[in-house]
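In: Pasting the sequence and the predicted model now:
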Amino acid sequence: MHEAAMRPGDDVILSVQDLAVHFPIGGSLLGHGQRLLRAVDGVDLELKRGECLGLVGESGCGKSTVALSLLGLLTPTRGRIVMDGQPVSGKQSGDRKALARIVQMVFQDPYASLNPRQTVRRTLEDPLRLHGVTARSEIEGRLEAMLKHVGLRPEQAGRYPHEFSGGQRQRIGIARALILNPKIVICDEPVSALDVSIRAQIINLLLELKETLGLSYIMISHDLGVVEHMSDRVAVMYLGRIVETGGWREIFERPAHPYTRTLIAAIPDPLRRAPLATTKGELPNPLNPPDGCAFAPRCRHAEAVCQRAPVPSLETRPDGHAVRCWRADDIAGEAFADAALT
Amino acid sequence: MTTAPLIEVEDLRIDLDGRSSRVAAVEDVSFRIERGETFGLVGESGCGKSITALALIGLLRRPLSVASGAIRFEGREIQSLSAAEQRDLRGDRIAMIFQEPMTALNPVSPVGRQIAEMFVLHKGKSWREANQLAVEALASVRVPAPERRVNDYPHQLSGGMRQRVMIAIALACGPDLLIADEPTTALDVTVQAEIIELMRNLCAERGTAILMISHDLGLVANVCRRVAVMYAGRIVEQRGSDEIFRACAHPYTQGLVDSLPRLGTRAAHGRSRLREIAGVVPAIADFPSGCRFNPRCAQATEICRTTAPETTWLDAGGLVRCHHHA
Amino acid sequence: MKLGTSLIIGGLLFALAIVVGLLAPWLAHTDPVMDANLMNAEEPPSWLWWFGTDAQGRDIYSRVVYGARISLTVGIVSQLVNSVIGVTLGLSAGYFGGWWDDIVNGLTNLMLAIPSLIFALAIMAVLGPGLTSLLIALGLTNWSFTCRIARASTLSLKSQGYVQAARVLGYGDLRIMITQLLPNMLGPIIVIGTLGMGSAVLAEASLSFLGLGIRPPFPSWGSMLSEARDQITTAPWLSVFPGLAIFLTVLGLNLLGDGLRDILDPQSRSRRT
Amino acid sequence: MLSFLIRRILQTVPIVLAVVLVIFVLFSVVPGSIASTADDGRGPTDPQVVERMKKQLGLDDPVYLRFGKYIASLAQGDFGTSFRTREPVTTMIAKRMWPTLQLIFAAIVFAIVIGVPLGFIAALRPGGVVDTVSMVVAVSGLSIAKFWLGLLLMYVFALKLGWLPSFGYGDGGLKYLILPAVSLGVSPMALLARTTRAAVLEIMTADFVRTARSKGMSETRVVQWHVMRNALVLILTTVGLQFGALMGQAVVVEKLFSWPGIGSLLVDSVLQRDIPAVQGSILVVVLFFLAINTLIDVLYGVIDPRIRYA
């Protein structure tokens, strides 16, 4: 991963190096008793043009914090983010506007992500005006084209969000994300708030738009089925760090980290009434993470080495599959046998 | 008595009282659950699965009410029981756990006391005895250090722990039926796995039947022996869970199965466009006439628009409600 | 009460008060200040003197009608000032957080620590009686609740997808506050504003009753009651009508606020009034 | 608990200081306040008198020095000397404290005893006759001017029926207290009735009440075991805030009934430009209010575990 980041080719649209976001928690006015929440602690990512990178992990693992930092909504504690050749830094409003034309976001909850007091037209036109598109005809043209792209009719533009169903709202949300022609779109659980029978529509739409508009996606989800379907590469996060990353096939067919294996085996198999894989204990308190490997307390392969500092490093194999586990080689012999996956 | 199923629902209709009109939120729903069985009720939001469950335990509140049909528990019709008799069943024989374990627990009462209430209410125990039993109940759902945890308040526990407390409450009196309404929707997958396994094991040990309600067809098929799929207030298909993914008969079930990207599919068959179910889930007030799925169904014909299909038995076992079933 | 009932009754009472205030010169029988005539002193209500007359022989009906002007002016203007202060402080504090939030919080706590009527009374003591003083005293002392609600709304709205989306789209802070946050918190703010007008009317009456608001001979309902107190044995009707006017005006505003709450802010019916 | 209490008390210190500053600025620095001190509306005052007063009061000193002196004397419990009676303000306030406390506590007890049950009963049958009537009563109670209500009560019960004395403190007996306390207590009573009703209604729809019902509890038990305590949290908030409002409104009621409390002291002092007495009374009112709210916060911790551990 590191090596790849060192020589970013033209095909890399986003590279993140050593991203860390720490939040001070609690404590008195003078800082006594203040503790540091390491929400993200040393994350490297690389997104290639036209690719979809799946970011998975349970709540609290830091995946949303990564997204917010990429969008410029959080100032990272350290790290370097390069998007489309531009280093991203600071919070100046000029930067924010430039950033807005590179990266956009599709939100989880289509009910909370549209301003209830704005028509679709205003939701889509205001950003254009803000970004210097003033010609009436151009605005109108782009608006119409975008609505068609996402499968809405131009005459629906005058309506308010509450007049649409959940699926349609998510289409509006997607249109808003794409109206400035961004290059990267971060999809934060884009279908999990939708009715099951609607999800396929949105997944298909996102994949179609990626092709027709040449977009690159970062797909954040806890639904591994959706991630497998959509992603080219996958990064698995646990307690602020990436524990495994690689091509989708490596991750889902030959998962190497015990945590990834647990995640996959915890998904109920509809074809078989079989026990689900469980782990010991609960997610450790992120304010007081364990020494050594963060997953060790819950890991059934853990040995003494795992419970001591330092944290294992993310070792990259020649095929680009990287794992953060002391015992990856030992475990690799133990085939990941889950009949459901074949 | 021995032949009567544990619970039997027959032609249940639940009405929603509007300002000016009554509409049926649930209609023609029939199913039975045997002692110790696991039965799943699957559907999307607004399909009526949760209110069906609430009707079983007698917790429907205005503007919802049972309009017709029967719910029989061990052959006794629940609607005909007095309020006090119904309360004796509730919690003691039929118990329920809910989706949001945070809000489902009283925030200002220690969890131990919330468990102990069950023993005071149904087993005639004193508070002292009940508190002791609460510790045991908490231990049985594998909460570490139960003797200390009983004094904790819900906000001091994690989501998974809270749901364990809910299970401890529900199973406290050894009920015959546990209704689990989306018990893991608010939880992460690894926690979900733990809760499901806990529920499954405890109920199997004690011979408690489970009625599981969820939007997640995969989860229900994994947990339950039989599954009923609901759409817009009606059961459209009822099958053994082994068959529902392999050979479902109703276009809606088929649509659900096909439209979900399932783990392993891409590796096995490559990535193809997911099959979509067109249109939107109808709201209760806008249920279409005829077969309620007809506006979204690719196979719909004239008869589907005019006539509601009857329930038919399938040769392979199970029931389907479709004019053109596979 | 049924939905809508309180809205209609409240709206009608408030509209009545406004109409009376606006049309006072036409509705009144006599000049409320100048037309004193000791010949007519302390007449009980009759066809000629609808509400009776006071010790100086002034027509109570005319004075009550003119009193609406003072009450409503004070109620509406001072509450507007409060709403503007409260929303500005609360919105900006919730949005920016940090030291500004700390300062606003401190100010709000300070305002809550001094009972608002006492604070207003202290300001009146410094500025002296009169309409302008009243507007200042009441306009500066009753914004803490609005501020809290605006701040709380901002905090909860800030994490909503559409506000985040606006930031991602490159909207500036001011634009986000005005186009995304403000329109979505107006409901509760209007409700509180309506109820606040009622409190302001009561506060004006109280201050005038104490002799610190509108001074006689100008017709404020509060000061009329103050005079009435001394004649309660001889002319009890003096105590009835100004008080009834206050009651109906404030009742109208309270009912209107309740009714608006059901429409504009349905989630928070339980919020304190 | 003790550390919570100490922390809570420490938190009020800056507020008290800020209040002192506000009071000081308002009456000592704002231009025109000196003039209004001198001009009490009874014609021009001899400029020499004004000069002498200024000297005597140290009004020619720089502002910060005066503020320092003011704080220093406050810290010793010295609120200054009344312009009007030449009495130490501390003594004046001490004499007036008890009647005011009596009045306010009587009013709040009246409000709680009537308001909370009223709200509870109303909430148990929403839309019923009791509910409708009590909510009409409540909204009326909120809309009525206290001094008008007091006047009406005075007219009916004192002047017409002659059951109760019309004004004054008398021997401090209960019969003198009733009319002022009721006049003062009506609006908090109305507010409590509404708050209680809303709180109970809201709690009755909470998920944990559904859980309680699913356990097989009767409605009475549900209310006893799960609704009461949760409602109490919300009711307590209202009671705490009402103390502040009551302190303010007591001024009007005390004036109306010639009740010898801090409120009437404050009004009389304002009318007669007795600035040390005004400042002292306001400060005492604020301190009292803050003390009550600290107490309420402690009670919160007892009732609501979420506060205690937060």
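Out: That came through, no problem. Model, not experiment: these values are computed from the prediction.
In: With residue D:143 as the reference, measure out to the most centrally placed residue in chain C.
Out: If you average the C-alpha coordinates of chain C and look for the closest C-alpha using C-alpha atoms, centre = their mean, you land on residue C:197, 2.2 Å from that point. Taking C-beta to C-beta, to the nearest Å as the measure, residue C:197 and residue D:143 are separated by 12 Å. Placement of C-beta: from N, CA and C, glycine included.
In: now do residue B:149
Out: Between residue B:149 and residue D:143 the distance is 50 Å, computed by C-beta to C-beta.
In: do residue B:288 as well
Out: Distance check for residue B:288 against residue D:143: by C-beta to C-beta, it reads 50 Å.
In: Neighbour count for the two, which is higher?
Out: A side-by-side neighbour count of residue B:288 and residue D:143, using other C-beta atoms under 10 Å in any protein chain shown, places residue D:143 first with 23 against 14.
In: pretty sure that one contacts residue C:256?
Out: No - in terms of C-beta atoms under 8 Å, residue D:143 does not count as a neighbour of residue C:256; the distance is 11.2 Å.
In: how about the residues of the stretch 101-250 of chain D near chain C?
Out: Within reach of chain C by C-beta under 8 Å from any C-beta of the partner chain, the stretch 101-250 of chain D has these residues: D:127, D:132, D:135-136, D:139-140, D:142-148, D:151-152, D:154-155, D:159, D:191, D:194-195, D:198-199, D:201-202, D:234, D:237-238, D:241, D:244-249.
In: Could you check the pLDDT of residue 241?
Out: This is for chain A. As summarised for this prediction, residue A:241 has a pLDDT of 92.
In: that's the other chain; I wanted chain C
Out: Here the pLDDT value assigned to residue C:241 is 85.
In: Can you report phi and psi for it?
Out: Reported as degrees, to the nearest 10, the phi and psi values for residue C:241 are phi -70, psi -40.
In: Could you find the closest non-adjacent residue to the closest residue to chain C within the stretch 201-342 of chain A?
Out: As assessed by C-beta to the nearest C-beta, chain C sits closest to residue A:218 within the stretch 201-342 of chain A, at 13.2 Å. Excluding the flanking residues, the one nearest residue A:218 by C-beta to C-beta, 6 or more residues apart in numbering or on different chains is residue A:186, at 4.7 Å.
In: State the helix or strand in which the one you found lies.
Out: In this structure, residue A:186 is located in strand A:184-188 according to DSSP states H and E.
In: Quick one: classify the residue nearest to residue A:241 when sequence neighbours are not counted as helix, strand or coil.
Out: Here the nearest residue to residue A:241 in space, its sequence neighbours aside, is residue A:41; by C-beta to C-beta, 6+ apart that works out to 5.7 Å. Following DSSP: H, G, I helix; E, B strand; the rest coil, we place residue A:41 in the strand state.
In: What residues does residue A:41 make contact with?
Out: Listed by C-beta atoms under 8 Å, 6 or more residues apart in numbering or on different chains, the contact set of residue A:41 reads A:20, A:22, A:62, A:240, A:241.
In: roughly how far apart are it and chain B?
Out: Here the criterion is C-beta to the nearest C-beta, to the nearest Å. By it, residue A:41 lies 20 Å from chain B.
In: which strand residues sit across from that residue in the sheet?
Out: Each beta-bridge partner of residue A:41 is listed here, defined by DSSP bridges: residue A:20.
In: Distance check, it against residue D:83.
Out: Where residue D:83 is concerned, residue A:41 sits at a distance of 67 Å (C-beta to C-beta).
In: Check residue D:183 too.
Out: From residue D:183 over to residue D:83 the distance is 31 Å, taken as C-beta to C-beta.
In: In terms of packing, which of these two has more residues around it?
Out: When neighbours are counted by other C-beta under 10 Å, residue D:183 and residue D:83 differ, and residue D:183 comes out ahead with 28 against 18.
In: which residues does the residue lying closest to the more buried one once chain neighbours are set aside contact?
Out: With C-beta to C-beta, 6+ apart as the criterion, residue D:183 has its nearest non-adjacent residue at 3.8 Å, and that residue is residue D:150. With contact set as C-beta under 8 Å, 6+ apart, residue D:150 has these partners: D:179, D:180, D:183, D:253, D:256, D:257.
In: what does the stretch 201-326 of chain B put close to chain A?
Out: B:215-219, B:221-225, B:241-242, B:244-246, B:252, B:255-256, B:258-268, B:271, B:273-277, B:280-281, B:296.
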